[in-house]
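> Got a sequence here, can you model it:
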Amino acid sequence: MKGKFPTEQFQGMETPFYFYDTRVLRDTLSSIRQELGKHDNWHVHYAVKANANPKVLNIIREAGFGVDCVSGGEIEASLKAGFPASKIVFAGVGKSDWEINIGLDSNIFCFNVESIPELEVINGLAAEKRKVARVAFRLNPNVGAHTHANITTGLAENKFGIAMRDMVSIIEHAQQLENVAVVGLHFHIGSQILDMGDFEALCNRVNDLQDELDRHHIRLEHINVGGGLGVDYQHPNRVPLPDFKAYFDTYAKKLKLRSGQTLHFELGRAVVAQCGSLITRTLYVKEGAFKKFAIVDAGFTDLIRPALYQAYHKIENITSEEPVEAYDVVGPICESTDVFAKQTDLNGVRRGDLLAIRSAGAYGEIMASQYNCRKLPKGYITEEF
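The predicted model follows:
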């Protein structure tokens, strides 16, 4: 495992920190581009909420992708990274006025609208600027996803989107407004989805909705199916890239686009998860009554996914060749939930050893907090070593 990390250079650095393997990131982006190249008018907008590290954003921009933003701050970060406004989509159930104004002032590609009140606010703010805002309606398709309950977004009980039964009436209402232009439909059913059947179900629902629109003589330019494709957290070394072929082939085979329609995706986790690792130093090895604890200097302030979602991350001791033993890997936060793994096998751990918590490129650094007055972790890319 040592060969995957510049371990000797890590030794003198302040931990914890994030390390992004740009080879993996660029291979991932290349794989996506290869699949997109098979289809006309297909576009990917990287979901900035997964990771907004400026160095990571620059590499994604260089690959030619757009961005999916869910806050005004993400729009600002994307523009600063050089993404053209014409490739920015702005989603989110609670857009504030200042955030909408940033989108209007920047002339972004599209607002993904989630309610009639939001539509009317956008129309009013656009009128004040004598502009026409391009909008797509996010519909709630009531499609379940085989993933953690906290990251499903496409069920009727979720806060996201507009009920399908209201689709036609809302579009017809919007078409009467002078300062919005309805250009598409938007969907997103959840995250960390590995069962292509979930995406097939979404395709079937979108097909039905388009048939309904045809009956009302409504034709839209764009269909946005969101993201949601998951990664292999168990085997980041053996399976560093998601199955993009199966993912995009599902839409190619099952989704019935109309002539001239463009298809948009909002991939986040699938783009950046596997390129990132949280590097942490062992503070103490503690012999408990029934187990050994490897106490490290990273906590859930640095990577909250295990505490929040009970998420699994593979952990490797990148400075040891000792025989394997089982450890609970825990952090220093004064909370019992500050546990990265229980009874996980690691090469024998000693004080000062560096551990790599893998597949942490998505929802890692971006979700870090300063609870316990801790410092935020820094992020580094391969080229910096």
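
> Skipping adjacent residues, who's closest to Phe293 in space?
Leaving aside its chain neighbours, Phe293 sits nearest to Lys286 (4.2 Å; criterion: C-beta to C-beta, 6 or more residues apart in numbering). Every residue, glycine included, has its C-beta placed from N, CA and C.

> secondary structure class for the one you found?
Reducing the assignment at Lys286 to three states with DSSP: H, G, I helix; E, B strand; the rest coil gives strand.

> Quick check: the residue of the chain positioned farthest from its centre vs Glu325, distance?
Distance to the chain centre peaks in the chain at Ala289, reaching 39.9 Å (criterion: C-alpha atoms, centre = their mean). For Ala289, the distance to Glu325 equals 16 Å [C-beta to C-beta, to the nearest Å].

> ditto for Ala136
Using C-beta to C-beta, one obtains 53 Å as the distance from Ala136 to Glu325.

> Those two: who's more crowded?
Between Ala136 and Glu325, counting by other C-beta atoms under 10 Å, Ala136 is the more crowded of the two (24 against 15).

> hang on, that one is in a strand, isn't it?
Yes. Looking at Ala136 with three-state DSSP, it is inside a strand.

> and it, what does it touch?
Residues near Ala136 by C-beta atoms under 8 Å, 6 or more residues apart in numbering: 89, 110-113, 182-186, 220, 222, 224.

> confidence score at it?
Model confidence at Ala136, expressed as pLDDT, equals 96.

> One more: the one 5 residues further on?
pLDDT for Pro141: 78.

> before we move on, what about Ala145?
For Ala145, pLDDT reads 47.

> Excluding chain neighbours, what is closest to Gly228?
Sequence neighbours aside, Ile193 is the residue nearest to Gly228 in space, at 4.4 Å (criterion: C-beta to C-beta, 6+ apart).

> Return the backbone torsion pair for the one you found.
When read as degrees, to the nearest 10, the backbone of Ile193 gives phi -100, psi 130.

> number of nearby residues for it?
The local packing of Ile193 (other C-beta under 10 Å) involves 23 other residues.

> so it bridges to which residues?
For Ile193, the beta-bridge assignment (DSSP bridges) gives partners Leu229.

> What separation is there between it and Lys245?
In terms of C-beta to C-beta, Ile193 sits 16 Å off from Lys245.

> quick revisit: would you turn the contacts of Ala136 into CSV with neighbour count and distance to Phe199?
CSV is the format used below for the contacts of Ala136 (neighbours: other C-beta atoms under 10 Å; distance: C-beta to C-beta, whole Å):
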residue, neighbour count, distance to Phe199
Val89, 26, 19
Cys110, 26, 22
Phe111, 29, 24
Asn112, 29, 19
Val113, 30, 23
Val182, 21, 25
Val183, 18, 23
Gly184, 21, 18
Leu185, 23, 16
His186, 26, 15
Leu220, 16, 20
His222, 20, 18
Asn224, 25, 14
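
> In JSON lines, list the residues you listed along with pLDDT.
Below are the contacts of Ala136 laid out as JSON lines (pLDDT from 0 to 100):
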{"residue": "Val89", "pLDDT": "98"}
{"residue": "Cys110", "pLDDT": "97"}
{"residue": "Phe111", "pLDDT": "98"}
{"residue": "Asn112", "pLDDT": "96"}
{"residue": "Val113", "pLDDT": "95"}
{"residue": "Val182", "pLDDT": "97"}
{"residue": "Val183", "pLDDT": "97"}
{"residue": "Gly184", "pLDDT": "96"}
{"residue": "Leu185", "pLDDT": "96"}
{"residue": "His186", "pLDDT": "95"}
{"residue": "Leu220", "pLDDT": "96"}
{"residue": "His222", "pLDDT": "98"}
{"residue": "Asn224", "pLDDT": "98"}
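
> what would the residues you listed look like in CSV with secondary structure and distance to Ile333?
Shown next, in CSV, are those (DSSP: H, G, I helix; E, B strand; the rest coil; distance: C-beta to C-beta, whole Å):
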residue, secondary structure, distance to Ile333
Val89, strand, 36
Cys110, strand, 40
Phe111, strand, 38
Asn112, strand, 35
Val113, strand, 39
Val182, strand, 47
Val183, strand, 46
Gly184, strand, 43
Leu185, strand, 42
His186, strand, 37
Leu220, coil, 48
His222, strand, 44
Asn224, strand, 38
